[in-house]
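> Sequence first, predicted model second:
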Amino acid sequence: MINFLRKHEIWIVLSLILLVNAVFVTSVVGGLIPIGAYDLGRFALLGTVLFGAVFLIRGVEGVLDILRPMMVWKRSPFLYLFAIAWTVVLCLVVLTVKGGITGEMLLSRENLEPGLSKLLYPRLILTLLVSSFIGEMVWVSYAVRRLSRWFTFYESALIVGAVWTAWWLPMAINNFGIIPDLPLIALLFNQMGIAAMCALVYYRTGSGLLVLFMQIMFNATILVFPITPGVGGVGTYWAFALTYFSAATLLFIRFGPRPLFSRLKSAPMEKATV
């Protein structure tokens, strides 16, 4: 039994994550669980399922293996600057192009102040930090690394992006606890782009901390800039999602491991270039 669990661990863990989250969100929406438990509860549950399942299958060593990339921090300051600036730059590009087409001043103080004011709420900041921290460990330090034993890093990122989107699906379907009115296909491209960038940064640096900085900045940036459907319009979000995915793919082609696609690998080959 234990051999079966270890052989299929990644698929078991990802399936449990999706199932438990769907039950949790449905229970909150249906009033079975207090709504106040939602913000941090979904991420606490996400981390609990991951670490609980890995501990039962591989013990303490499996848990420590997930945490090790977070201890890697001695990297160039330019890499930290890149991780912090990446999403901001893409938002500026998309909004500048849109402004040039429509003639609107999208980067004016008036347009940015409502988003910036959101970052003044301590509970929102706490949720942003917790979600980024748990997200890094689940989707990159665990899922991308584990999948890259059999798939290429790019394929692993696409799989993770699809599962990540499926994790958001119960919230998106109920239009609850998530940015309202997200188009699901655009969300898929966005999540695959995020996963690809995180996988590339991890591959090049071996640092979960750098990936964490990138996730924090992504979550903060989409709150500040008028990118989401309810603020910037559905077309703007589509443009941002496709731009993010395309840019991540181009960077993967230039700086990532090759080939991008391959047949299922017969032997583990996890690798991080430091």
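Received it, and whenever you're ready, just let me know what you need. Numbering: from 1, shown residues only.

> make it CA atoms for all contacts and neighbour counts henceforth
Fine.

> looking only at pLDDT, what's the mean for stretch 160-179?
For stretch 160-179, the mean per-residue pLDDT is 92.

> can you list contacts of that stretch?
Residues from elsewhere that reach stretch 160-179, judged by C-alpha atoms under 8 Å, 6 or more residues apart in numbering: 14, 17-18, 21-22, 25-26, 29, 38-39, 139, 143-144, 180-182, 184, 187-189, 191-196, 228, 230.

> can we see that at 7 Å?
18, 21-22, 25, 139, 143-144, 181-182, 187-188, 191-192, 195 (C-alpha atoms under 7 Å, 6 or more residues apart in numbering).

> Likewise for stretch 75-82?
L210.

> mean confidence score for it?
For stretch 75-82, the per-residue pLDDT averages 95.

> what number of residues lie near Y121?
By other C-alpha atoms under 10 Å, the residues close to Y121 number 9.

> Give the buried residues for stretch 122-142.
Buried residues in stretch 122-142, counting neighbours by 16 or more other C-alpha atoms under 10 Å, are found at 125, 128-142.

> do stretch 10-17 as well
Neighbour counts over stretch 10-17 (16+ other C-alpha under 10 Å) mark I10, V13, L14, L16, I17 as buried.

> tell me which element the second one falls in.
Secondary structure here is read from DSSP states H and E; on that basis V13 sits in helix 9-29.

> need the next SSE after that helix, C-terminal direction.
Moving toward the C-terminus from helix 9-29, the next helix or strand (DSSP H and E) is helix 38-67.

> Just after that next one, pick out the following helix or strand.
Following helix 38-67 toward the C-terminus (DSSP H and E): helix 77-102.

> And that following helix, what's buried?
80, 83-85, 87-88, 90-92, 94-96, 98.

> can I get those residues in JSON lines with distance to L212?
Listed next are the buried residues of helix 77-102 as JSON lines, based on distance: C-alpha to C-alpha, whole Å:
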{"residue": "Y80", "distance to L212": "10"}
{"residue": "A83", "distance to L212": "9"}
{"residue": "I84", "distance to L212": "10"}
{"residue": "A85", "distance to L212": "13"}
{"residue": "T87", "distance to L212": "13"}
{"residue": "V88", "distance to L212": "15"}
{"residue": "L90", "distance to L212": "18"}
{"residue": "C91", "distance to L212": "19"}
{"residue": "L92", "distance to L212": "21"}
{"residue": "V94", "distance to L212": "24"}
{"residue": "L95", "distance to L212": "25"}
{"residue": "T96", "distance to L212": "27"}
{"residue": "K98", "distance to L212": "29"}
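
> what two of those residues are the furthest from one another?
Y80 and K98 (28.3 Å; C-alpha to C-alpha).

> follow-up on the earlier one: and the contacts of stretch 160-179, which is the shakiest by pLDDT?
Minimum pLDDT for those is recorded at D181 (84).

> Number of residues surrounding that one?
Other residues within reach of D181, judged by other C-alpha under 10 Å, total 16.

> Just say helix, strand or coil for it.
Put simply, D181 is coil when judged by DSSP: H, G, I helix; E, B strand; the rest coil.

> wouldn't it be in contact with P229 here?
Yes - between D181 and P229 there is a contact at 6.5 Å, judged by C-alpha atoms under 7 Å.
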